[in-house]
Each structure stands twice: as structure tokens, then as C-alpha cells.
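**Student:** Fold the following.
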Amino acid sequence: MSDQRIWAPWRLEYILEHVADKSKKAKGACVFCEAQKGRASQKNLVLYRGQHAYIIMNKYPYANAHLMVIPNRHLSDFSKLTSEEHQEMGELLSLCTKVLKKIAKPHGFNIGMNLGEAAGAGIKEHLHYHIVPRWSGDHNFMPVVANLRVMMEHIKKTYIKLKTEFDLV
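**Tutor:** Numbers count the residues shown, from 1 in each chain. Presented below is the predicted three-dimensional model:
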């Protein structure tokens, strides 16, 4: 078997940011609360702000254009969301699918929420929905064999495309 490599030097940026995020988390800072401070930018990956919730790109995506809808309030208990928060988050989920259909042209979506560490929540302290665009045939052996996800487009380029569309709303 030949020695094959996939060169992705930009992944180092993700690794270093992930270490920094873990350090902030260890100090008690919430990465979602930190991200919503200031204006939407490529640095914080915020795409759109509503009154009760906002849309952000996932820094460690499962697929290209993996988005999240997050309530502004810092809470982990789904039953404590207000009806206004539920309503706006639902509307933002709908907006995400509309924008992603136009920009990324997926064949489908995975939409869901992991509540609690046992359910797979990476950030269990601040609940959030995931919107993962999917394409027929996008499953491959890389995540299984190499614990590696291959992204089709750099996150910064995807951010610019999505932000341009969200700015029109």
C-alpha cells in the first residue's frame, strides 16, 4: 500500500482555536456567549442576529455550511426557553434552510439538538440547534477510518457567501 496523505494545513487553525476554546471553557467562559458580543463578523462566525436568538457557523463542522441557532440567554434546560425564544428559534431554523438551499444547494438536512453530555452535547451549558446540510453520497470512509472530515470549501469562503445572503433578510 502506498503512503498517501491529505494535505490540509488550514486545519492547524482549527486545532489551535479548539485548544483556546477549551481553555476559555475551563475558565468558565461560554464560547456562545462570547461569540454574540460585538457585531457579526468572520471572526466570531455570527451570520444573523434576532431579538432572542442568533445564527452562527459551527467552527468545527460536520459538513460544509453547518450552522447553529442559539438563544441569546445562557441556559441548558430546553423547558426553560420562553415561547418567544421557541418561536424565534423555529423561524431562524426555517431561515437557515432557506438560505442554505440557495447557497449550498443540499439534498437534505439534519436538524437537531443534543441536550446534555450523555446525548453528545459538546457545549452542554448553552443549548443550541444544529442545521447540517447533507448531499447524496456525502458519506465516505474518512470519518470512520481516519477520524477526519474532509470539507469541500474553506469556512471563511463559506462565511462570506452565507453572510451576504443573510444580510439581505
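
**Student:** doesn't residue 165 make contact with residue 102?
**Tutor:** Yes. Contact criterion CB atoms under 8 Å: residue 102 and residue 165 qualify, at 6.3 Å. To be clear about C-beta, it is placed using only N, CA and C from the backbone, and glycine gets the same treatment.

**Student:** of these two, who's got more company?
**Tutor:** Set residue 102 next to residue 165 and count neighbours by other CB atoms under 10 Å: residue 165 wins out with 16 against 11.

**Student:** Please, which helix or strand holds the more buried one?
**Tutor:** Here residue 165 is covered by helix 155-166, with elements defined by DSSP states H and E.

**Student:** repeat for residue 131
**Tutor:** Under the criterion of DSSP H and E, residue 131 resides in strand 129-134.

**Student:** So for that strand, what gets flagged as buried?
**Tutor:** 129-133 (16 or more other CB atoms under 10 Å).

**Student:** Among those, which one sits closest to residue 118?
**Tutor:** When the buried residues of strand 129-134 are ranked by distance to residue 118 (CB to CB), residue 130 comes first, at 16.9 Å.

**Student:** ok, now which ones touch the closest one?
**Tutor:** By CB atoms under 8 Å, 6 or more residues apart in numbering, the contact list for residue 130 reads 58, 62, 66-68, 110-114.

**Student:** mind running it again at 6 Å?
**Tutor:** Residues near residue 130 by CB atoms under 6 Å, 6 or more residues apart in numbering: 68, 112.

**Student:** and the strand holding residue 131, C-alpha only, in PDB?
**Tutor:** Once non-C-alpha atoms are left out, strand 129-134 reads as follows in PDB (Å, rounded to 0.1, in the frame of the first residue of the first chain):
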ATOM      1  CA  TYR A 129     -29.800  23.600  17.400                       C
ATOM      2  CA  HIS A 130     -27.600  22.200  14.600                       C
ATOM      3  CA  ILE A 131     -28.500  22.600  11.000                       C
ATOM      4  CA  VAL A 132     -26.300  20.300   8.900                       C
ATOM      5  CA  PRO A 133     -26.800  20.400   5.100                       C
ATOM      6  CA  ARG A 134     -26.400  17.000   3.500                       C
END
